[in-house]
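A.B. asks: quick one: sequence plus predicted model below, questions after.
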2 protein chains.
Amino acid sequence: METLRERKKQRTRDALVRTALELFTTQGYDRTTVDDIAEAVDVSQRTFFRYFAGKEEAALAMEDMTVAHFVETVRGRPPHEAPMEALRQSVLEGWDTLHDVIESVVPVELYLRMYQVMESTPVLLAAHLRKSVEIEETIAHILAEREGVDLDTDPRPRLTVAVFGGVMRLTERQWSADGDYSLDAMRALVVSHLEQLGPALSESWRTH
Amino acid sequence: METLRERKKQRTRDALVRTALELFTTQGYDRTTVDDIAEAVDVSQRTFFRYFAGKEEAALAMEDMTVAHFVETVRGRPPHEAPMEALRQSVLEGWDTLHDVIESVVPVELYLRMYQVMESTPVLLAAHLRKSVEIEETIAHILAEREGVDLDTDPRPRLTVAVFGGVMRLTERQWSADGDYSLDAMRALVVSHLEQLGPALSESWRTH
DNA sequence: AGGCTAATGACAGCCACTGACAATTGACAA
DNA sequence: TTGTCAATTGTCAGTGGCTGTCATTAGCCT
């Protein structure tokens, strides 16, 4: 981030993300055109597409930052932890430092509102899920290396990640639906869901 | 399917699906335009969009049939089975009768090739995942009713379905990657993955 | 200062998708 | 059978996402 050129580019990109999220959260994703965003930032439509491969990418730009942050947190977990425990701790711990990462680009409050839009916009939700799958593959690699198993023959890394991903998506959905956007609420949900995982899968649900 | 009108409509729709899948699997999804499909079936582009909300929907039309079939199979499972076992049995059993359902519209071989295309086309994979989430919600409702629990307060139905969904997506991916498109291979993978679920989540992976 | 290169703007054009209206075609009763 | 009604389709025009191309601008570096 040395030269003037680089700083200018960063400013333009951040302005595009901020403006896009602002418009998406106020008017809705579908009712906001790329021209709207470009005009508000005072660049050409063509420039928008030089920064983002598509409208989706601008909408999910923050997402990429949080994901990268989570992946790094997993990488830093002590090796003695069991795989699922390392993932669990990464979520609980990662959210502490995530706040500042987000705030460096957009207000956290805007980020959270955008999350709602994503959940209720089919094409965005779809793109989000696809990205989740990609992350899961990355995490599976990390787990396999950590535990010294072969990803091609041992299904456990991908299995663990798939389950964890399912739980996280469920948690996200419930968290954003409950309306309690606090960190503690998020943490409590993750812990609660993972605790109930074992019983839900093996035991009978009926008490009689 | 009584009147001539209805039969004609069904034929047009089937022809569109068949042609779309044929083109998608030979030229690729992105390199096939809606005009290509419409022209091959000899209808106007506008008519295509009267049958399908978009290109995606035509590509995933078969998917919807298999999903509906799976949901019905789950509904028919004996009530004494534990939830996860009911899902497992539905997959193992459902595939037997699925063959004929598919073949009534397109050759199964074409359906399987389309599956490959879906896995390797980002926008299709995304749409597929989004649909999976919708199905999971449906199944969660069925499980909750089956077991007599409240979906709003008890997380176990959605938790179970999320885990099962994760395992199934993993299975799909590996199955289509292995190149062994037999039913038995599919069944073996499902059984194997579900068997390893418990150990992978709770135990240590290292043998020392 | 002046040459070099990265960044941008200004078209033109493709494709997915939609609304509106006219033309056609099957359904059904007189 | 024929005429009327309603469903289906075709045509046309237009919007919005996205890309290639080329000229212009603006920061960089000697």
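C.D. replies: Alright, I've got the coordinates. Numbering: from 1, shown residues only, chains lettered A, B, ... in the order given.
A.B. asks: I'd like the mean pLDDT over stretch A:89-97, please.
C.D. replies: When pLDDT is averaged over stretch A:89-97, the result is 89.
A.B. asks: and what of stretch A:109-116?
C.D. replies: The average pLDDT for stretch A:109-116 rounds to 93.
A.B. asks: and stretch A:39-48, by the same measure?
C.D. replies: For stretch A:39-48, the per-residue pLDDT averages 98.
A.B. asks: what's the answer for stretch A:160-169, then?
C.D. replies: 94.
A.B. asks: kindly export that stretch (C-alpha atoms) in PDB.
C.D. replies: What follows is stretch A:160-169, C-alpha atoms only, in PDB (Å, rounded to 0.1, in the frame of the first residue of the first chain):
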ATOM      1  CA  THR A 160     -16.000 -33.600   9.800                       C
ATOM      2  CA  VAL A 161     -16.000 -30.300   7.800                       C
ATOM      3  CA  ALA A 162     -19.200 -31.100   6.100                       C
ATOM      4  CA  VAL A 163     -20.900 -31.700   9.400                       C
ATOM      5  CA  PHE A 164     -19.400 -28.600  10.900                       C
ATOM      6  CA  GLY A 165     -20.400 -26.600   7.900                       C
ATOM      7  CA  GLY A 166     -24.000 -27.800   8.200                       C
ATOM      8  CA  VAL A 167     -24.100 -26.800  11.800                       C
ATOM      9  CA  MET A 168     -22.600 -23.400  11.100                       C
ATOM     10  CA  ARG A 169     -25.100 -22.700   8.400                       C
END
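A.B. asks: can you list the neighbours in contact with that stretch?
C.D. replies: A:83-84, A:87, A:91, A:129, A:132-133, A:135-136, A:139-140, A:143, A:190, A:193-194, A:197, B:133, B:159, B:162-163, B:165-167, B:169-170, B:197, B:200-201 (Cβ atoms under 8 Å, 6 or more residues apart in numbering or on different chains). To be clear about C-beta, it is placed using only N, CA and C from the backbone, and glycine gets the same treatment.
A.B. asks: mind checking which of the residues you listed are buried?
C.D. replies: Buried members of the contacts of stretch A:160-169, counted by 16 or more other Cβ atoms under 10 Å in any protein chain shown: A:83-84, A:87, A:91, A:129, A:132-133, A:135-136, A:139-140, A:143, A:190, A:193-194, A:197, B:133, B:159, B:162-163, B:165-167, B:169-170, B:197, B:200-201.
A.B. asks: close to chain B, is the helix or strand harbouring A:D100?
C.D. replies: Using DSSP states H and E, A:D100 sits within helix A:83-103. Yes - using Cβ under 8 Å from any Cβ of the partner chain, helix A:83-103 reaches chain B at A:P83, A:M84.
A.B. asks: and the closest residue to A:H193 other than its chain neighbours, helix, strand or coil?
C.D. replies: Nearest residue to A:H193, sequence neighbours excluded (Cβ to Cβ, 6 or more residues apart in numbering or on different chains): A:V167, at 5.1 Å. Assigned by DSSP: H, G, I helix; E, B strand; the rest coil, the conformation of A:V167 is helix.
A.B. asks: all helices for chain A, in order.
C.D. replies: With helices called from DSSP state H, chain A shows them at A:4-27, A:34-41, A:45-51, A:55-59, A:61-75, A:83-103, A:108-120, A:122-147, A:156-178, A:183-202.
A.B. asks: just want the angle from the helix holding A:D100 to helix A:183-202.
C.D. replies: Counting by axes from the mean of the first three to the mean of the last three Cα atoms, to 10 degrees, helix A:83-103 lies at 150 degrees to helix A:183-202.
A.B. asks: could you list the buried residues of helix A:83-103?
C.D. replies: A:P83, A:M84, A:A86, A:L87, A:R88, A:S90, A:V91, A:E93, A:G94, A:W95, A:L98, A:I102.
A.B. asks: possible to save these as JSON lines with distance to B:D150?
C.D. replies: JSON lines is the format used below for the buried residues of helix A:83-103 (distance: Cβ to Cβ, whole Å):
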{"residue": "A:P83", "distance to B:D150": "32"}
{"residue": "A:M84", "distance to B:D150": "27"}
{"residue": "A:A86", "distance to B:D150": "33"}
{"residue": "A:L87", "distance to B:D150": "29"}
{"residue": "A:R88", "distance to B:D150": "26"}
{"residue": "A:S90", "distance to B:D150": "31"}
{"residue": "A:V91", "distance to B:D150": "27"}
{"residue": "A:E93", "distance to B:D150": "33"}
{"residue": "A:G94", "distance to B:D150": "32"}
{"residue": "A:W95", "distance to B:D150": "29"}
{"residue": "A:L98", "distance to B:D150": "33"}
{"residue": "A:I102", "distance to B:D150": "35"}
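A.B. asks: count the residues that sit near A:A185.
C.D. replies: 14 (other Cβ atoms under 10 Å in any protein chain shown).
A.B. asks: what's the distance between it and A:E172?
C.D. replies: 12 Å (Cβ to Cβ, to the nearest Å).
A.B. asks: try A:V133
C.D. replies: 15 Å.
A.B. asks: what's the nearest residue to A:Q89 if we skip its chain neighbours?
C.D. replies: Counting by Cβ to Cβ, 6+ apart, A:R77 is the residue found nearest to A:Q89 once chain neighbours are left out, at 6.2 Å.
A.B. asks: of the buried ones among the contacts of stretch A:160-169, list those near DNA strand C.
C.D. replies: Checked against DNA strand C using Cβ under 7 Å from any atom of the strand, the buried ones among the contacts of stretch A:160-169 give no members in range.
A.B. asks: so who does the residue nearest to the spatial centre of chain A touch?
C.D. replies: For chain A, the residue nearest the mean C-alpha position is A:E63 (4.3 Å; Cα atoms, centre = their mean). If a contact means Cβ under 8 Å, 6+ apart, then A:E63 has A:M118, A:H128, A:K131 as its contacts.
A.B. asks: cutoff 10 Å now
C.D. replies: For A:E63, the contact set (Cβ atoms under 10 Å, 6 or more residues apart in numbering or on different chains) comprises A:E57, A:Y111, A:M114, A:Y115, A:M118, A:L124, A:A127, A:H128, A:K131, A:S132, A:I135.
A.B. asks: and if you look at A:L201?
C.D. replies: A:L201 neighbours (Cβ under 10 Å, 6+ apart): A:163, B:82-84, B:156, B:159-160, B:163-164, B:194, B:197-198, B:201.
A.B. asks: setting aside sequence neighbours, what's the nearest residue to A:W205?
C.D. replies: Nearest residue to A:W205, sequence neighbours excluded (Cβ to Cβ, 6+ apart): B:E147, at 4.5 Å.
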